[in-house]
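In: here is the input, now give the coordinates:
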Amino acid sequence: MRVHLHNDVDSGLYLEMLLKIGDGCFDVDAEGYISLSRELCNLVESDVDLIAYVFPELQQNLCSDQSLCARAILAPRNEIVNRINTDILNEVEGEMKEYLSMDTIMATELSTSYPVEFLNSLELSGVPSHKLQLKLNVPIMLMRNLDAPRLCNGTKLRITKLGQNILGATISTGVGKGNSVIIPWIPIIPTDLPFQFKRVQFPSSLALLLL
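Out: Below you'll find the predicted structure:
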């Protein structure tokens, strides 16, 4: 994890804590857990409280790239990402559009062993989900290099058009900041499975939540 200090004392303390944990110098209890003080974290009771704390006045700040690019929620598992993304999208005004990927097995003789429903259910690191739900003005992050150096893996954008087969967006970070671009469907073939399948989907995910 990279921590950008930006002359922020609190970020410096957080960085020191991460280094201690990584070096094994942080005290742990009998079960191996680390207790964090309230100087380093704020506890919340629910996902709703977490969203409100990280993204105050979300609707008003949707068009502020500076505000959104400075904030993110980190989650360890895809199911948590999908759950909180749904909660966040429900708070954003406007019509939601759903894009479903086209998943096919590469070896046709294995098609009966890996039905489409199973392929649709796969949630893999670095691969867009089968179901992508978006609204206008929400931030997204590219998951593939499309047009370096403007459109690279990790580039953040803001949705300006929800087409049938394309997404219109404005680049929020990097050398192309402020440029209007079009994001197409592309084929993506994961390489970390015992079989190969192809997912055709927009190479993006919501940038409000990071895995």
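
In: per-domain residue ranges of this structure.
Out: Listed domain ranges for the chain are 1-41, 45-210 (source: automatic domain parsing).

In: which residues are contacting stretch 98-117?
Out: 119-120, 122, 128-134, 189, 195-202 (C-beta atoms under 8 Å, 6 or more residues apart in numbering). Every C-beta, even on glycine, is put in place using the N, C-alpha and C of the backbone.

In: dump the one helix or strand residue 12 maps to to PDB, keeping only the CA atoms.
Out: Secondary structure from DSSP states H and E places residue 12 in helix 9-22. The C-alpha trace of helix 9-22 is given here as PDB (Å, rounded to 0.1, in the frame of the first residue of the first chain):
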ATOM      1  CA  VAL A   9       0.900  14.700  10.200                       C
ATOM      2  CA  ASP A  10      -1.900  12.100  10.700                       C
ATOM      3  CA  SER A  11      -0.800  10.400   7.400                       C
ATOM      4  CA  GLY A  12       2.800  10.200   8.800                       C
ATOM      5  CA  LEU A  13       1.500   8.500  12.000                       C
ATOM      6  CA  TYR A  14      -0.500   6.000   9.900                       C
ATOM      7  CA  LEU A  15       2.600   5.300   7.800                       C
ATOM      8  CA  GLU A  16       4.700   4.600  10.900                       C
ATOM      9  CA  MET A  17       2.000   2.200  12.100                       C
ATOM     10  CA  LEU A  18       2.000   0.300   8.800                       C
ATOM     11  CA  LEU A  19       5.800   0.000   8.900                       C
ATOM     12  CA  LYS A  20       5.700  -1.400  12.400                       C
ATOM     13  CA  ILE A  21       3.100  -3.900  11.500                       C
ATOM     14  CA  GLY A  22       5.000  -5.000   8.400                       C
END
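
In: ok now that helix, how far from the chain's centre?
Out: 24 Å (C-alpha atoms, centre = their mean, to the nearest Å).

In: any idea of the mean pLDDT in that helix?
Out: Taken as a whole, helix 9-22 carries a mean pLDDT of 74.

In: on that earlier part again, tell me which of the domains of the chain is the most buried.
Out: domain 45-210 (a mean of 15; mean count of other C-beta atoms under 10 Å).

In: ok, residue 131 - contacts?
Out: With contact taken as C-beta under 8 Å, 6+ apart, residue 131 is in contact with 98-101, 120.

In: that one and residue 38: what is the separation?
Out: 37 Å (C-beta to C-beta, to the nearest Å).

In: low-confidence ranges in this structure?
Out: Across the chain, the ranges flagged by pLDDT under 70 are 1-11, 39-40, 208-211.

In: just the strands from it, written as ranges.
Out: For the chain, the strands defined by DSSP state E cover 73-74, 97-100, 102-105, 131-134, 139-142, 156-162, 166-171, 180-184, 186-188, 197-201, 204-206, 209-210.
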